[in-house]
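Undergrad: What would the 3D arrangement of this be:
(chains A, B, C and D)
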Protein chains: 4
Amino acid sequence: MTNIIDAGLVADQNAKLEAGLQADYEALGGMLARRGLDIEELTALAQTFDVAVPSWGAGTGGTRFARFAGRGEPRNVFEKLEDCSVINQLTRATSGVSPHFPWDKPSDASELRQAADSLGLVFDAVNSNTFQDQLGQEQTYKFGSLTAQSKEVRAQAIAHNIECIELGRALGSNALTVWVGDGANFPGQNNLRGSLERYLDSMREIYAALPDDWNVFIEHKLFEPAFYATVIADWGTSFACATELGPKAKCLVDLGHHAPNTNIEMIVARLAQFGKLGGFHFNDSKYGDDDLDSGSINPFQLFLVFNELADASLRGGSSFKPAYMLDQSHNVTDPIESLMSSAVEVQRAFVQSAMVDRAELAGLQGANDVLNSAQLLKRAFRTDVSPILAMARVRAGGAADPVAAYRASGYRDRVAGLRPAKAGASSSGIV
Amino acid sequence: MTNIIDAGLVADQNAKLEAGLQADYEALGGMLARRGLDIEELTALAQTFDVAVPSWGAGTGGTRFARFAGRGEPRNVFEKLEDCSVINQLTRATSGVSPHFPWDKPSDASELRQAADSLGLVFDAVNSNTFQDQLGQEQTYKFGSLTAQSKEVRAQAIAHNIECIELGRALGSNALTVWVGDGANFPGQNNLRGSLERYLDSMREIYAALPDDWNVFIEHKLFEPAFYATVIADWGTSFACATELGPKAKCLVDLGHHAPNTNIEMIVARLAQFGKLGGFHFNDSKYGDDDLDSGSINPFQLFLVFNELADASLRGGSSFKPAYMLDQSHNVTDPIESLMSSAVEVQRAFVQSAMVDRAELAGLQGANDVLNSAQLLKRAFRTDVSPILAMARVRAGGAADPVAAYRASGYRDRVAGLRPAKAGASSSGIV
Amino acid sequence: MTNIIDAGLVADQNAKLEAGLQADYEALGGMLARRGLDIEELTALAQTFDVAVPSWGAGTGGTRFARFAGRGEPRNVFEKLEDCSVINQLTRATSGVSPHFPWDKPSDASELRQAADSLGLVFDAVNSNTFQDQLGQEQTYKFGSLTAQSKEVRAQAIAHNIECIELGRALGSNALTVWVGDGANFPGQNNLRGSLERYLDSMREIYAALPDDWNVFIEHKLFEPAFYATVIADWGTSFACATELGPKAKCLVDLGHHAPNTNIEMIVARLAQFGKLGGFHFNDSKYGDDDLDSGSINPFQLFLVFNELADASLRGGSSFKPAYMLDQSHNVTDPIESLMSSAVEVQRAFVQSAMVDRAELAGLQGANDVLNSAQLLKRAFRTDVSPILAMARVRAGGAADPVAAYRASGYRDRVAGLRPAKAGASSSGIV
Amino acid sequence: MTNIIDAGLVADQNAKLEAGLQADYEALGGMLARRGLDIEELTALAQTFDVAVPSWGAGTGGTRFARFAGRGEPRNVFEKLEDCSVINQLTRATSGVSPHFPWDKPSDASELRQAADSLGLVFDAVNSNTFQDQLGQEQTYKFGSLTAQSKEVRAQAIAHNIECIELGRALGSNALTVWVGDGANFPGQNNLRGSLERYLDSMREIYAALPDDWNVFIEHKLFEPAFYATVIADWGTSFACATELGPKAKCLVDLGHHAPNTNIEMIVARLAQFGKLGGFHFNDSKYGDDDLDSGSINPFQLFLVFNELADASLRGGSSFKPAYMLDQSHNVTDPIESLMSSAVEVQRAFVQSAMVDRAELAGLQGANDVLNSAQLLKRAFRTDVSPILAMARVRAGGAADPVAAYRASGYRDRVAGLRPAKAGASSSGIV
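TA: Residues are numbered from 1 along each chain as shown, chains lettered A, B, ... in the order given. The predicted structure is shown next:
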């Protein structure tokens, strides 16, 4: 595996932090031991964690008002892979990359797959795009894609998804994530039921094209870009459709795609119970689909999601294996820094949730000891497992402090020189 | 049928309004004719409308802070029936009464059924209550009912629901509505999945007790009284459970039981599509489960719900027949006045939705004429069908202006004398 | 005044509808007369209504995901004026145009003013833009504008606003609307108080540059583009700042810029009471700042806003004169059609609110007759005043049915030929 | 000071935990020292923290659906004081008690004050109650209190508030908290502006009765018990009214009284900036005014509130001293346990916020280092300061583990025997 960041630099950075980390690790280990927990087990567990990075996340995001381009943004999928490799090299927790077509469409898929492999990366779920028109595209998605009234539009959207499956197959992926923004901006614009019927018809054709060992993930979203009614607006619709389509169809939960006040961890529990939890798009939000860094706004919610996953894992055993992916928009931070920090935050919740003694919890719940049941979760959440995460990284060859190591490496400056900004890159979605 | 309000008084009241109503009706008829609509057909349609009234709605509601008792509140189910009969007599749109047990539990069901019959009323869906403890009850529902950890608590709650079915059978009802407030106030209090498993186990026993021609309606609610997680919190859970239970289980939509910004008419469309729309609890709300008068806050939403019902009815034919019920809390109005007005508002949306030319709408939608599709709905909603509703009432023996006739009748003063207030009736749920 | 649409065509279109309109007008007039209302007074009132159109509204909008360009979009401010003139010619309710700088910056302001004048248009409030970077701009607004940490950035943003005032003066405007998206995406990114202190310092300089007869409108918005904290996030902050700045500073209410469930009409009442209601950006929304057509989602809310304006007008007399502007994003409709329909919807609410007998309402309120107080408003809202609005347009030289006349005119086809689309116009705010 | 819980028992309990606590404290001290923080300073700071407990919080709460009474609930203000004293004895962080009139109205104020004093308690802000009718009350608050149309009702409500001031004075309090639920359930019910005018008139009379060294706290709330419009619905209205009234009037922030998605910490910053931050009612919520235990749902939000308080304190010095009070409804937990845990959670946020190096933060903010600014806060929040809080309690004579010590004491069993439940105590606000 090629190291994009000089391994010596990482080692030097780690060396500076070594004594402090070791001391913190021992201090924490003692505290955990007094609670009956073995820090080495937790560190080993942390090392098993992996969350995929979206290829598009390596670029700077924006809003409909503006996009403020960053320096050295990747200009193609190969440069995106380089950035993703940096993230994985320093965190050792992000070996998967989730590509987006046609943005990342390779002229030669095997070349791309080899490039990833040489960087220690594999391809995670592939994503189709029928929410934008591409140059030279015959049909427009202005009035929908998989649900459009026009048969020709639907055929184009179906064909694109099937092409995504083929590309993904060549890249070694085994899942297709389908998100459509289809919907209506006004009451009356669409027949709400007719739209979903067309969605199901279109998805049946895509489903039929899935290889045996593939899954298709249905991603719901409350609103945006449609502002009155979105075809797959909630987990209920996603679940009903996944049930209609068959066992390869599962539901994908993006943490930012819900109505205000929604209890997302309960949705996770429901989908797990009914066998339809396919995976996650991790991010955080305060208002809508804000796509902020995971755990930056409501870290306790992220913990509670993993608390459900720990419960489901205990029940489901090794067969329970939802896909994890970050899905964020980095508008004011360096995307590499945000993705590294976010991977660590998700990993943190994973480790914290493993600290909950489920038998003890069940006992407290059975006794209706509400206060201590709640406190048991809070105690795990309150535990600062940073030394465990840092040690897990160091032991796997990563950086004790990924952001500091990244900054010390001068990577951003280097690629800024190699990747000049496109003119007009500050354009936005509105005129 | 006994008329609680003197029929002569109603006739006198109507006579005063007759000329004006006739003139308005003709003016509207002309306007509709110029749009290709026949007012007589619409009036006939209006006369077919019926929405059930909840027995408890006849009393004054309250909040956890206070209840300000009204005058002449009914003290038992027979007095509630009298009030419901007044509502139906004046509106001719509320022949059903939905009872609540144990609040309305009769010592002699046949006597109660006969009392209803003599007042021109029938019994609609029966409601169970496992969200409160009753005096002398063995087990407490403090920590849940159908989902409680304790087997004894669950058994008690199941038995109560089965008793409700038996009572309902004796009263001529054919549906049981199950709403449970079970849930958690804190993360960790309950195992989210375990709670729903217990719910399903309990419901299977209740389902097994349903007569052949009965339905059970599952009512979801986002929150309150549980403030962190409610077992049946959304339509997705309700739908999944109804599917698990079998064909007699359907979902009931209360308009106030959703997260902020939820598109409720789309939920209606989804449940209709998947064959699980059981019925409605009509009310309106701005914040939470405010239980305000139907159509008082967002009348366009009520219209859009009926627009979906009209669409589903066209597709489903006579087999599509969801149950309609008002479910409101009247804290600052005379309950009889609010229920009469609300029945008329729901009827209004029903008639307006019938004015939408669905073939024309489908044509506009097919042509992606978004603006005119939206305007077609708006035009129906904007049409003031009040003269049609008044004429439908008058022709059926009701009042042209129900509230005015009711006030003229002096009914409230009369029952205030007959039904003295209980001392301490202003108490609230908090100390 | 130049008519962009052939006056003869409008007359022909009106002639076809004349008999029907006359009959509907008379029918409605009779119904109103029976309620004690004079239709002629209402029609005369309707003719006094005017709402400004935003210049940018003539183009097709988009989201951060995509923009699907429309045909014949205006390429410069002169073409925007032509489109605005069509809207006003057919509706006779939109004589003002609100320009946006630098988008609409003229090389010669007097030429632009003359162009507007010749089209029967005047310039309403001018809008500054410090939420995007312009080509060749020295400082970036990536980390804020009026509130930026950098003094140079703030100076640039202040200078731009002062230039807007000067441009507006030359164009005959008398108000500056300041909306900034400044804020933070993460807790900790900004010192919340420091940001507002810098905002106030910057605004004081802009305020000082206002001519004597000018106002500055502060526009608040809950979120977007900032997703954790927006500097002017709510009416409370807007009000506090307007108070700090002085009497020329007032608050502008955009209907889509509030938290879920917010009672917007009460904010209108509060700002009117405290003398700080500057004006409105009318639109509608279901989720966030959806910028949908006015009255398309919650028409009753629009009515209730005008109900407050009618109350405030009664109290404030002629001195109460807030600015009215549409502010919408037309993603799936022809912008001209949406703006015409929306102007009519706002006018509808204005006329309906005038039908409320305020003395009668005060009497009912004083007697705590809650039900009839509510019904009095509902009765006005339910009244279909479409014939009044059509008659007002026809009498003023507009179209009885603006959208039909517009379509008959072939205007969009004509300008589509004259205004070829720019390549790549489908781009969006994200890469 | 009388110890309700045997001091020897507390000492025994602490002795069992001593070794572990000491070891954890040292481990944490080492970790903090490596970050440049002195654990002893933080422990000393923790000991300065104090949050008042509401007298009514000692009883079991409920919802409008039901109240499930707890065992041994206090029956009068003296028993409430005993429970409050237990909380303070074990946490050493709750020396103030906030009484509610008329619930806690003493026949002899000096006797009550002495009782508190003997228990080591003082009286914090007093609370008036005009949201319920009391037995024998002349006027009803059904249609409002300080804002009612009826002059007699307003006079009664004003007099009650003035009586509260007098009682508070006798008890040694120096602030009055005024919360009114006044508002409307329907559009049209109230004149929105007229209601606030009457509110201000009423408050001016109450304000005039304030002693020189007193404050009056205005508490806003979005909704409930009014479900369409609440007179003091948001901080903007609260702020405008406090400004109108004068310097003794300040705003009180209850964390559960805001619209969904509201950034509460920014409201705290705004009120501090404009000199009107009076105090807090701490609790947590997921949906509405859920009144859950502080920090149980969104602990990061609680931290961010204290982060603003730390910033304001730095700017304002010793003159910045908002009042802290818990305000929770304990429906499924032992109120004493919840109040002890909640006091600790608030104290935790206080200590964590003190760990943020404000100069370092300002530097990162000034450099637009968004990622590290955010991480700086997160690092403080992530730090588990439990050993600091425990040590602070032990050093002050409290319990290392308050809940465990409380349970070991058998206090609840003891008072359950002494305070028999009132019959019918399970009643709720609805019939």
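
Undergrad: who touches A:Phe282 in this structure?
TA: Counting by CB atoms under 8 Å, 6 or more residues apart in numbering or on different chains, A:Phe282 touches A:51, A:255, A:294, A:302, A:324-328, A:342, A:346. Backbone N, C-alpha and C define where each C-beta goes, glycine included.

Undergrad: In strands, which of the residues you listed appear?
TA: With strands identified by DSSP state E, the entries of the contacts of A:Phe282 that belong to them are A:324-326.

Undergrad: want to throw the residues you listed into JSON lines with neighbour count, pLDDT and distance to A:Val370?
TA: Conversion of the ones in strands among the contacts of A:Phe282 to JSON lines gives the following (neighbours: other CB atoms under 10 Å in any protein chain shown; pLDDT from 0 to 100; distance: CB to CB, whole Å):
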{"residue": "A:Tyr324", "neighbour count": "22", "pLDDT": "98", "distance to A:Val370": "31"}
{"residue": "A:Met325", "neighbour count": "26", "pLDDT": "98", "distance to A:Val370": "35"}
{"residue": "A:Leu326", "neighbour count": "25", "pLDDT": "98", "distance to A:Val370": "34"}
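
Undergrad: Between these, which sits nearest A:Tyr406?
TA: When the ones in strands among the contacts of A:Phe282 are compared for distance to A:Tyr406 (CB to CB), A:Leu326 comes out closest, at 16.3 Å.

Undergrad: Look up which residues are beta-bridged to the closest one.
TA: The residues listed as beta-bridge partners of A:Leu326 by DSSP bridges are A:Phe282.

Undergrad: coming back round to it: can I get the contacts of A:Phe282 in a markdown table including distance to C:Ala359?
TA: Below are those laid out as a markdown table (distance: CB to CB, whole Å):
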| residue | distance to C:Ala359 |
| --- | --- |
| A:Val51 | 66 |
| A:Leu255 | 53 |
| A:Ser294 | 58 |
| A:Leu302 | 57 |
| A:Tyr324 | 65 |
| A:Met325 | 63 |
| A:Leu326 | 62 |
| A:Asp327 | 58 |
| A:Gln328 | 57 |
| A:Ser342 | 61 |
| A:Val346 | 63 |
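
Undergrad: Just the buried subset of those, please.
TA: Those of the contacts of A:Phe282 that meet the buried threshold are A:51, A:255, A:294, A:302, A:324-328, A:342, A:346, by 16 or more other CB atoms under 10 Å in any protein chain shown.

Undergrad: Now do the buried residues in stretch A:118-137.
TA: For stretch A:118-137, a neighbour-count test (16+ other CB under 10 Å) marks A:119-133 as buried.

Undergrad: name the element the nearest residue to A:Val356 once chain neighbours are set aside belongs to?
TA: The spatially closest residue to A:Val356, leaving aside those adjacent along the chain, is A:Ala380, at 4.8 Å (CB to CB, 6 or more residues apart in numbering or on different chains). Secondary-structure element containing A:Ala380, defined by DSSP states H and E: helix A:370-382.

Undergrad: relative orientation of that helix and helix D:370-382 in degrees?
TA: 140 degrees (axes from the mean of the first three to the mean of the last three CA atoms, to 10 degrees).

Undergrad: hmm, who's touching helix A:370-382?
TA: Residues beyond helix A:370-382 that count as contacts (CB under 8 Å, 6+ apart) turn out to be A:299-300, A:303-304, A:307, A:352-353, A:355-357, A:360-361, A:364-365, B:143, B:184-189, D:293, D:295-296, D:299, D:332-334, D:337-338, D:341, D:384, D:386, D:403.

Undergrad: redo that, cut-off 7 Å
TA: Residues from elsewhere that reach helix A:370-382 (CB atoms under 7 Å, 6 or more residues apart in numbering or on different chains): A:300, A:303, A:307, A:352-353, A:355-356, A:360-361, A:364-365, B:186-189, D:296, D:332-333, D:337-338, D:341, D:384, D:386, D:403.

Undergrad: These in helices, which ones?
TA: Within these, membership in helices is found for A:300, A:303, A:307, A:352-353, A:360-361, A:364-365, D:337-338, D:341, D:386, D:403, as judged by DSSP state H.

Undergrad: confidence score at A:Leu37?
TA: Reading off the confidence values, A:Leu37 has pLDDT 98.

Undergrad: Next: the one 5 residues further on.
TA: According to the prediction, A:Leu42 has pLDDT 98.

Undergrad: For it, which three-state class applies?
TA: The three-state label for A:Leu42, taken from DSSP: H, G, I helix; E, B strand; the rest coil, comes out as helix.

Undergrad: Residues of the stretch 301-431 of chain A that sit close to chain D?
TA: Near chain D, the residues belonging to the stretch 301-431 of chain A are A:332-333, A:337-338, A:341, A:370-371, A:374-375, A:382-384, A:386, A:403 when assessed by CB under 7 Å from any CB of the partner chain.

Undergrad: Now with 8 Å, please.
TA: When proximity is defined as CB under 8 Å from any CB of the partner chain, the stretch 301-431 of chain A approaches chain D at A:301, A:332-334, A:337-338, A:341, A:368, A:370-372, A:374-375, A:378, A:381-384, A:386, A:403.

Undergrad: Are any of those buried, and if so which?
TA: A:301, A:332-334, A:337-338, A:341, A:368, A:370-372, A:374-375, A:378, A:381-384, A:386, A:403.

Undergrad: Next to chain C in this structure, residues from the stretch 251-400 of chain A, please.
TA: So the stretch 251-400 of chain A meets chain C at A:260, A:285-288, A:290-293, A:296-297, A:329, A:331-333 (CB under 8 Å from any CB).

Undergrad: between these, which has the most around it?
TA: With neighbours set by other CB atoms under 10 Å in any protein chain shown, the maximum within these is found at A:Ser296, which has 31 neighbours.

Undergrad: which residues in the stretch 51-200 of chain A form strands?
TA: Secondary structure of the stretch 51-200 of chain A, counting by DSSP state E, counting those that start in this stretch: strands at A:53-54, A:96-98, A:122-123, A:126-127, A:175-178, A:183-184.
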